[in-house]
Structure formats: C-alpha cells, structure tokens
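Novice: Pasting a predicted model and its sequence here:
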Amino acid sequence: MKQWIEVVNFELLSTKIQNLKTDGIIFLIDEFVWDLYKDQLNLKSLVGAIKKKVILKRLPRGEKAKCFSVYERVCEEILEEGIHRNFHVIACGGGAISDISGFIASSLLRGLSWSVIPTTLLSMVDASIGGKTGINSKFGKNLIGAFHMPEHVWLNPLFLETLPKVESLNGYGEVLKYSFLDKKIKESLLSSKFKIGEIILKCANYKNKLVEEDFREKGPRKYLNLGHTFGHAFEKMYPVSHGEAVYWGMKLLFYIFERKDLLKECDNMVKELSLSFGKPPWLVHLDEKSSLVNNLMNFVKRDKKVISEKEIELVFINEDWSPYLIALDFETIRIKLDNFFKESHVGE
C-alpha cells in the first residue's frame, strides 16, 4: 500500500480531512498539542463541514501514551461510541502518538484506515512514516505492535514554531542518521541555504522509498535502524530522548568499530548545525563498567533485530559511505564493549 506524503498548512489540512472518503473520524491527539492548536485545527467547523461523526480523544504526552493501560482505555472508549469499518483514525502529535494511534487503528475491528499529522521534527522525518506501530513493554521499546501503513502523512512545519528546544534536538538525532545513509541529505543539511521544510521532505521521502521497497523490513528498510540497537538501550538506561539516544547509539557503534572518519564527520555536522548533545550518557556509570556492559547487553539481546539465540543484525557504513547489514554474535559485541570501556577516554 502506498502512503501519500504532503506538505500542508492548516487551511489545506482541513480540506484534506474533509475530503477523506469515510463516514466518521477518530481524532487521537497529544493533549499538549490540543491545548496549543485546537483553534487552528478547528474541529467544530470540520464537523459542520463534513457532517460526519468525529470522536476526539486526547492522549498523554510522549512515551506515557505507549502503554497497555492507555491502549486499553482508548480502545474501549472508542468502541463504546459505536463505530464501524468505514471510520478513519487520524493521529496528531509526536512519534509516540502516531505509534499508539496506528496500533489502535490496526486493532479496532481488525483494522481501520488511518492518517498522521506529525507535530515534532522527529515524527515528521521518522515515526509517522512507514507503518510501524506499537506500544512499549517492560522488556523494551515497541515490542508489541503491528505493521499498518497510514494512507496520508500531512507535514505542517508550522507546528515546529512551538517545539521546545529539547524536542528539536531530539529530531536532529534522526536527521543526522539520515545524513549517514544518504549523501544528498548530508549535502543539503550542510548547505548555508538549507530550509528545515526541505530537509524534512527529503528525509521523509528517503524513508518512504525504502518502505515501498521493503514494507515488512526484510531487507533495505533495516538501514533505517542505524544506531538504534544501542540507542534503544540508552533510552531505557538514561533520561535521554529517542533522537539523542540514536545519536549516541551511532557514536558508540562508530567508536567500538574504530571508524574515526565517521566520528569526525559526526562531530563536524554537530558543530556546523550548532547542536548540543552534551556528554555521552554512559559517562555516568564509568565506575561500574562491568554492570554497564551487562546492562547494555541485556537490552541488545532483547532487541527486535536479534536473528538467533547468539546473533543480532546491525547496520553499519562502508568505506564508500553506503549502508550495509552485518550479523554479529553477542560475544563479539561484548568483547568490543569491554575493550572500549577500558579505554581512558571512552568517548569524552
């Protein structure tokens, strides 16, 4: 199934929603986004214009939304309203909101159509695209979910005007990932004339192309997981956002494989873009190196990219900067981590 990615303003967004071929709309929105943008979204006039039933549900912000209790509550509340298969779910918020909303859409009545209005940089370039949906488990992120492709992704950069600085940094972690996967994105990012709307669309289209080639993530779509294995572990171990965790996940990968060229380029781009990721999160636990490695390995072994009892598939970058997949056994990874954390600098 093809998903349509379009750049819109609020007026065009309203028109797009009105033109959906559906009998009703289930509008799932981040409660913080609702408080900021309910006037611009203007659902009351939308109801009058389309004369369809609109069910509005405000969800907790961020990862708090991606849990069993919220999933169960929202599903039951929607079913209580009385719906049928010609209802359309619209997710409006950051990546966490699109994750749980898409999972709800995939589950209700065994699958409702849905669309996404991403409101953060991270969700615009990554989470809203490709049909990966889900909620978290106590054993890790996104371990319960489904592939369910949205019909539309409506990108409105105006949402970024109220984006907190920490959320902007969160998004740039993923944007930097794209710059290692595609040289054109890297060149655009480092251009003195770059516009954030253009970068968003380039990243979104790059991901969408891989998704169309490999929806079920059996081949090249896996390239998008660069930095995510260690990144997901850092999200569980430290108070860092997803994008920041992916950034540090990439750097740790480059460190343990001794790719000084990639490390240097990463530092250069961070400097050019005036980003401030601070110090590596693992510095907090340097006095407990063995437990640090054990904790990392525990999460690595539970990662979705594990391909056997002894191996995991990682994404890495060739000398010519093309991405490739490599299967590594857990013992090799542990040895590389042990050696890295024995060094005095450990990425400072």
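Specialist: Noted; the coordinates are in hand.
Novice: Map the structural domains onto the sequence of the chain.
Specialist: For the chain, automatic domain parsing gives the domain ranges 4-162, 165-192+213-342.
Novice: deepest of those domains, which one?
Specialist: Of all the domains of the chain, domain 4-162 has the most neighbours on average by mean count of other Cβ atoms under 10 Å, namely a mean of 19. For every residue, glycine as well, the C-beta is placed using N, CA and C.
Novice: how long is that domain end to end?
Specialist: Using Cα to Cα, to the nearest Å, the end-to-end distance of domain 4-162 comes out at 25 Å.
Novice: got the domains of the chain as a markdown table, with mean pLDDT columns?
Specialist: Output for these, formatted as a markdown table (pLDDT from 0 to 100):
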| stretch | mean pLDDT |
| --- | --- |
| domain 4-162 | 93 |
| domain 165-192+213-342 | 91 |
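Novice: I'd like to know which of these is closest to residue 203.
Specialist: Residue 203 lies closest to domain 4-162 among those, at 3.8 Å (Cβ to Cβ).
Novice: For residue 318, give me its contacts.
Specialist: residue 324 (Cβ atoms under 8 Å, 6 or more residues apart in numbering).
Novice: beta partners of the closest residue to residue 259 other than its chain neighbours?
Specialist: Sequence neighbours aside, residue 317 is the residue nearest to residue 259 in space, at 7.3 Å (criterion: Cβ to Cβ, 6 or more residues apart in numbering). Applying DSSP bridges to residue 317 gives these bridge partners: residue 323.
Novice: residues contacting residue 317?
Specialist: Counted by Cβ under 8 Å, 6+ apart, residue 317 has contacts 180, 226, 259, 262, 323-324.
Novice: of the residues you listed, closest to residue 81?
Specialist: Distances from residue 81 to these, taken by Cβ to Cβ, are shortest for residue 226, at 41.2 Å.
Novice: My understanding was that the closest one contacts residue 251; is that so?
Specialist: No. Between residue 226 and residue 251 no contact is recorded; they are 11.4 Å apart, counting by Cβ atoms under 8 Å.
Novice: Give me the common contacts of those two.
Specialist: What both residue 226 and residue 251 touch, as defined by Cβ under 8 Å, 6+ apart, is an empty set.
Novice: Sheet partners, orientation included, of the helix or strand harbouring residue 25?
Specialist: Assigned by DSSP states H and E, residue 25 belongs to strand 24-30. Strand 24-30 sits in its sheet next to strand 53-59 (parallel), strand 87-93 (parallel), going by DSSP bridges.
Novice: need the next SSE after it, C-terminal direction.
Specialist: That would be, after strand 24-30 and using DSSP H and E, helix 31-41.
Novice: Over to the residue positioned nearest the centre of the chain: give its phi and psi.
Specialist: In the chain, the C-alpha nearest the mean C-alpha coordinate belongs to residue 127, at 3.4 Å (Cα atoms, centre = their mean). With angles defined as degrees, to the nearest 10, residue 127 sits at phi -60, psi -30.
Novice: Who are the contact partners of it?
Specialist: Applying Cβ under 8 Å, 6+ apart to residue 127 gives the contacts 94-96, 98-99, 118.
Novice: Among those residues, name the ones in helices.
Specialist: The members of these that map onto helices under DSSP state H are 95-96, 98-99.
Novice: Relative to residue 196, which of those residues is nearest.
Specialist: residue 95 (17.2 Å).
Novice: That closest one and residue 66, how far apart?
Specialist: 9 Å (Cβ to Cβ, to the nearest Å).
Novice: where do the strands sit along the stretch 101-250 of the chain?
Specialist: All strands of the stretch 101-250 of the chain, identified by DSSP state E, counting those that start in this stretch, fall at 113-118, 132-137, 140-147, 152-155.
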